[in-house]
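Novice: please work out how this folds:
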Amino acid sequence: MKFNERIAQQKLNEISTKHLLNPKLLQNIVWGKSQGWSQTRIAEEHHINPNTVSKYSRILEREMSADEIKELLIIIGLILGASYLIHELFKGGE
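Specialist: Down below sits the predicted model:
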């Protein structure tokens with residue numbers, strides 16, 4: 001499978017739109033949950049209102065299928081991994 005960050009971002013946007021969620025907030029909350037963080041820690045780490053984290057968590061638990069959540073984790077991992085690699089590549093020129 002060839003990675004394409006643009007396609008991954010489009011898929012994240014599609015899932016976000018389907019559930020009426022902000023893609024960046026969804027990305028941050030799903031990533032934090034995947035790390036085992038509490039809702040309080042996710043809110044603090046990403047400067048998000050705790051009520052927003054709670055709302056998104058409820059949607060993840062009640063409205064999204066297990067397959068959709070797995071797909072989100074893969075997409076977010078790819079997006080964050082690509083961002084990290086790009087940052088590291090260009091950091092050498094500093």
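
Novice: distance of residue 79 relative to residue 39?
Specialist: Separation of residue 79 from residue 39 (CB to CB, to the nearest Å): 22 Å. All C-beta atoms are positioned from the backbone trio N, CA, C, and that covers glycine.

Novice: likewise residue 14?
Specialist: Distance from residue 14 to residue 39, by CB to CB: 25 Å.

Novice: same question, residue 8
Specialist: Taking CB to CB, one finds residue 8 at 25 Å from residue 39.

Novice: got it, and residue 53?
Specialist: 5 Å.

Novice: tell me which of the two has more neighbours.
Specialist: Using other CB atoms under 10 Å as the criterion, residue 53 and residue 39 rank with residue 53 on top: 24 against 18.

Novice: which parts of the helix or strand containing that one are buried?
Specialist: Secondary structure assigned from DSSP states H and E places residue 53 in helix 50-62. Neighbour-count burial for helix 50-62, with 16 or more other CB atoms under 10 Å as criterion, is recorded at 52, 53, 56, 57, 60.

Novice: tell me the one among these nearest to residue 23.
Specialist: When the buried residues of helix 50-62 are compared for distance to residue 23 (CB to CB), residue 56 comes out closest, at 11.4 Å.

Novice: which ones are touching the closest one?
Specialist: 21, 25, 26, 29 (CB atoms under 8 Å, 6 or more residues apart in numbering).

Novice: mind running it again at 6 Å?
Specialist: Neighbouring residues of residue 56 by CB atoms under 6 Å, 6 or more residues apart in numbering: residue 29.

Novice: all helices of this structure, in order?
Specialist: Listed in chain order, the helices of the chain (DSSP state H) span 5-18, 23-34, 39-46, 50-62, 66-91.

Novice: can you give me how far the fourth one is from the chain middle?
Specialist: With CA atoms, centre = their mean, to the nearest Å as the basis, the distance from the averaged C-alpha position of helix 50-62 to the chain average is 13 Å.

Novice: same question for the second one.
Specialist: Helix 23-34 has its C-alpha centroid displaced from the chain centroid by 4 Å (CA atoms, centre = their mean).
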